[in-house]
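Chemist: This is a predicted model, with the sequence first.
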Protein chains: 2
Amino acid sequence: MIVTLHVCITCRPGQTLGEGEITPGARLHAAILDAGVPDGVVVPVECLSACNQGGSVALSAPGRWSYVYGRLSDGNAHDVIAGASAYAAAPDGIVPWRSRPEIFRKQSLARIPPIAALPEAAE
Amino acid sequence: MIVTLHVCITCRPGQTLGEGEITPGARLHAAILDAGVPDGVVVPVECLSACNQGGSVALSAPGRWSYVYGRLSDGNAHDVIAGASAYAAAPDGIVPWRSRPEIFRKQSLARIPPIAALPEAAE
């Protein structure tokens, strides 16, 4: 299963950045790429509208729960990658609680159930 | 397009509930059903892991951005329904900013991009 790890690079929770200074979210994104993204994980960037709780990341894949985590910094890059790898490796995307990195256990912003394949309403 | 409005009924942000007392999330869910759910919106319940920011709801549909909102109470039921209806009616699920209820503009917890239809990696 290929899973998507979205990283918000515009997050600047409560910070005023100087000219040319990069955001904490952009630093986290760079640190994740530096650390090496494992096979099966793709890392696009996108604003995740969790601005007050950034840096933030989201994990999603077809037919699986999506997860959003926040209050992350570049120092969390390795744990984010470990958590994304475990999500990718779990057959249903549900990683046992104790196998999740601590930041995933304690810094959840939200999770969204898989999108149901619902029939369109009859016209 | 049929869209899903998940409501977390276990949310009890910072509150200790007495025996038999129902959660703010459950009250929000009841208020939404009482107010009348429009055609095209389905309302399952599920814990959304946004426990510190509840009551919380999530909007999702195939091929669309998903949105999570928090710090909601039963008094927000009509606005939640209005926002869900606008999401269902927008051809791509993206409702113009000014057309969103204030709670959706100010109480976003997160949004997640549509899940990309990615090819499986070659074995």
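Modeler: Alright, I've got the coordinates.

Chemist: Would you mind naming what in chain A lies close to chain B?
Modeler: Contact residues (C-beta under 8 Å from any C-beta of the partner chain) of chain A with chain B: A:1-2, A:4, A:6, A:39-40, A:42, A:44, A:46-50, A:53, A:56, A:58, A:60-62, A:66-68, A:70, A:108-113, A:115-121. In this view, the C-beta of every residue, glycine as well, is placed from N, C-alpha and C.

Chemist: From the residues you listed, keep the buried residues only.
Modeler: Buried members of the residues of chain A next to chain B, scored by 16 or more other C-beta atoms under 10 Å in any protein chain shown, are A:1, A:4, A:6, A:40, A:46-50, A:53, A:56, A:58, A:60-62, A:66-68, A:70, A:108-113, A:115.

Chemist: Which of the residues of chain A next to chain B fall within strands?
Modeler: A:4, A:6, A:42, A:58, A:60, A:66-68, A:108-112 (DSSP state E).

Chemist: ok, of the residues you listed, which one's closest to B:A84?
Modeler: A:I112 (14.2 Å; C-beta to C-beta).

Chemist: A:F104 and chain B, how far apart?
Modeler: 10 Å (C-beta to the nearest C-beta, to the nearest Å).

Chemist: hang on, isn't that residue packed against A:G83?
Modeler: Yes - the pair formed by A:F104 and A:G83 meets the contact definition of C-beta atoms under 8 Å, at 4.7 Å.

Chemist: if I look at the closest residue to A:C47 other than its chain neighbours, how far off is chain B?
Modeler: Leaving aside its sequence neighbours, A:C47 sits nearest to A:T10 (C-beta to C-beta, 6 or more residues apart in numbering or on different chains; 4.9 Å). Separation of A:T10 from chain B (C-beta to the nearest C-beta): 13 Å.

Chemist: Please work out how many residues are found near A:T10.
Modeler: Neighbour count for A:T10, taken as other C-beta atoms under 10 Å in any protein chain shown: 17.

Chemist: what's near enough to touch it?
Modeler: The contact partners of A:T10, by C-beta atoms under 8 Å, 6 or more residues apart in numbering or on different chains, come to A:T23, A:G25, A:A26, A:C47, A:C51, A:G54.

Chemist: right, and the pair among those with maximum separation?
Modeler: Taking C-beta to C-beta, no two of the contacts of A:T10 sit farther apart than A:A26 and A:C51, at 14.0 Å.

Chemist: Including pLDDT and distance to B:D92, could the ones in strands among the residues of chain A next to chain B go into TSV?
Modeler: Output for those, formatted as TSV (pLDDT from 0 to 100; distance: C-beta to C-beta, whole Å):
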residue	pLDDT	distance to B:D92
A:T4	95	19
A:H6	95	18
A:V42	91	22
A:A58	96	19
A:S60	96	18
A:S66	96	19
A:Y67	97	24
A:V68	96	21
A:S108	94	28
A:L109	95	24
A:A110	95	22
A:R111	95	24
A:I112	95	18
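
Chemist: CSV for those residues, including distance to A:A35?
Modeler: Below are these laid out as CSV (distance: C-beta to C-beta, whole Å):
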residue, distance to A:A35
A:T4, 17
A:H6, 17
A:V42, 15
A:A58, 18
A:S60, 20
A:S66, 22
A:Y67, 19
A:V68, 20
A:S108, 22
A:L109, 22
A:A110, 25
A:R111, 24
A:I112, 26
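
Chemist: got the contact list for the residue nearest to A:L48 when sequence neighbours are not counted?
Modeler: Distances taken as C-beta to C-beta, 6+ apart put A:C8 closest to A:L48, at 4.3 Å, once the chain neighbours are dropped. Residues in contact with A:C8 (C-beta under 8 Å, 6+ apart) are A:G25, A:V45, A:E46, A:C47, A:L48, A:A50, A:G54, A:G55, A:S56, A:V57.
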